[in-house]
Structure formats: C-alpha cells, structure tokens
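S.K.: Kindly return the folded structure for what I paste below:
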Amino acid sequence: MKESIMDSRLNPYEEKMKKSVNALLAEYVSIRAGRANPHILDKIEVEYYGAPTPLQQVANVSVPEARMIQIQPWESSLLKEIEKAINMSDVGIHPTNDGKTIRLVFPELTEDRRKELVKDVKKKGENAKVAIRNIRRDAMDEFKKLKKSEDMSEDAIADLEDQAQKLTDRYVKILDQEIDKKTQELMTL
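M.R.: Numbers count the residues shown, from 1 in each chain. So this is what the prediction gives:
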C-alpha cells in the first residue's frame with residue numbers, strides 16, 4: 001500500500017524526466033557527425049498545396065552513400081519548394097538539384113568543427129540536466145506541501161524525497177551516458 005502511494009506521487013515526475021531525456025535524444029539526432037543521417041531533415045516542412053507538410057511525406061529520402069542524402073520528390077513541381085525549405089533550415093548544407101532529385105553532400109568535419117559540435121552537445125546535455133533538477137525541485141516542493149496539508153508522516157515524506165533524489169540521480173546518469181556516447185561519435189574520425 002505504502003509503495004503504491006509513493007509510486008503514484010512520483011510517476012508524474014518520472015514521466016517528465018523521461019520526456020527531458022527523449023527531447024535531448026531528439027536534439028542529438030539533428031547534430032550531424034560527418035555522416036549522412038536522414039533524421040536531420042525531420043523538422044523540415046515543404047509548402048504543398050498551400051499547407052506546410054513534412055518533407056518525408058512529399059518525397060523519398062534515401063542515403064545512397066555514407067556522406068550523401070538523396071531526396072526524390074513524388075512530384076517534380078516540388079523540387080524548388082524542397083530546395084527552398086532546405087536552404088531556409090538550419091541544416092547547413094546547400095542542396096544540389098539535377099532536375100529530378102536533390103542531393104545533400106556532407107563534407108568531412110574538421111577538427112575545429114568537431115570540437116564546436118562537442119561543446120554544443122555538452123551544452124544541450126547540461127540544459128537537460130537542469131531540466132531534470134528543476135523537476136526534482138518541483139517534486140520536493142509538492143512533498144513539502146503534503147507535509148503541511150495531509151496527515152502523512154514525516155518518514156513517508158522523507159521516503160518520497162529520497163525516492164525523488166534517486167530518480168534524479170538515475171536520469172542524470174542516463175544523460176551523462178548519452179552525452180559521452182554522442183561526444184565519442186563526433187570525435188571518431
């Protein structure tokens with residue numbers, strides 16, 4: 001009984017922490033490591049019959065070579081729109097258009113660019129850790145209110161606070177592992 005009350009009090013905070021980790025992972029997907037990754041195009045939308053439409057819904061996106069993404073629109077009239085959308089995005093690569101397909105060729109990353117990307121990875125990771133700690137703070141604030149309003153024992157409140165800290169430590173450790181993994185990926189030539 002006591003365990004289920006604790007779980008129900010901690011679940012919303014754990015869900016928020018999971019979302020913070022997933023948001024960081026989604027940001028990391030868009031950081032390119034010199035290899036072609038079609039996910040860098042996930043946020044790009046193309047004007048299609050007057051409505052912004054995700055690129056993947058109007059074209060076939062493939063990776064024919066390690067450092068090239070090929071985009072084949074289902075309608076040739078979309079070539080200019082797709083090219084414009086890529087140029088306006090933060091992809092940082094100029095598309096080449098041969099009249100049928102668009103190609104994005106990824107240059108080899110220089111050592112300086114890799115270091116710059118690693119700094120960005122660490123900064124985004126730190127921001128995610130701050131978000132996790134803010135979630136813990138919100139949980140602790142709620143538990144302090146419980147102490148005043150409900151007839152929960154101080155031991156039960158202390159247990160909740162302890163569980164919230166353990167949850168925080170676990171998610172910060174996961175973030176550290178993801179930061180290290182992305183850093184290794186960027187620094188590997």
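S.K.: Least confident secondary structure element in this structure?
M.R.: Between all helices and strands in the chain, the lowest mean by mean pLDDT, DSSP states H and E belongs to helix 2-29, at a mean of 82.
S.K.: Now do the helix or strand following it: which elements does it pack against?
M.R.: Past helix 2-29, heading to the C-terminal end, the next element that is a helix or strand (DSSP states H and E) is strand 45-48. Under the contact definition 3 or more CB pairs under 8 Å, 6 or more residues apart in numbering; DSSP states H and E, strand 45-48 sits against strand 51-54, helix 79-88. Bear in mind the C-beta positions are built from the backbone N, C-alpha and C, glycine included.
S.K.: quick one, which of those is packed in tightest?
M.R.: Per residue and on average, the most neighbours among the helices and strands packed on strand 45-48 fall to helix 79-88, with a mean of 17 (mean count of other CB atoms under 10 Å).
S.K.: Tell me which residues are up against it.
M.R.: 41, 44-48, 55, 58-59, 71, 73, 93-95, 97, 99-100, 102, 104 (CB atoms under 8 Å, 6 or more residues apart in numbering).
S.K.: how much space between the most centrally placed residue in the chain and S76?
M.R.: To find the centre residue of the chain, average its C-alpha atoms and take the closest one (CA atoms, centre = their mean): that gives A26, at 2.1 Å. In this structure, A26 lies at 32 Å from S76, with CB to CB, to the nearest Å as the measure.
S.K.: State the distance from the residue lying closest to V91 once chain neighbours are set aside to P54.
M.R.: What sits nearest to V91 in space, not counting adjacent residues and going by CB to CB, 6 or more residues apart in numbering, is I40, at 5.8 Å. I40 sits 13 Å away from P54, taking CB to CB as the criterion.
S.K.: With L79 instead?
M.R.: Taken as CB to CB, the spacing of L79 relative to P54 amounts to 17 Å.
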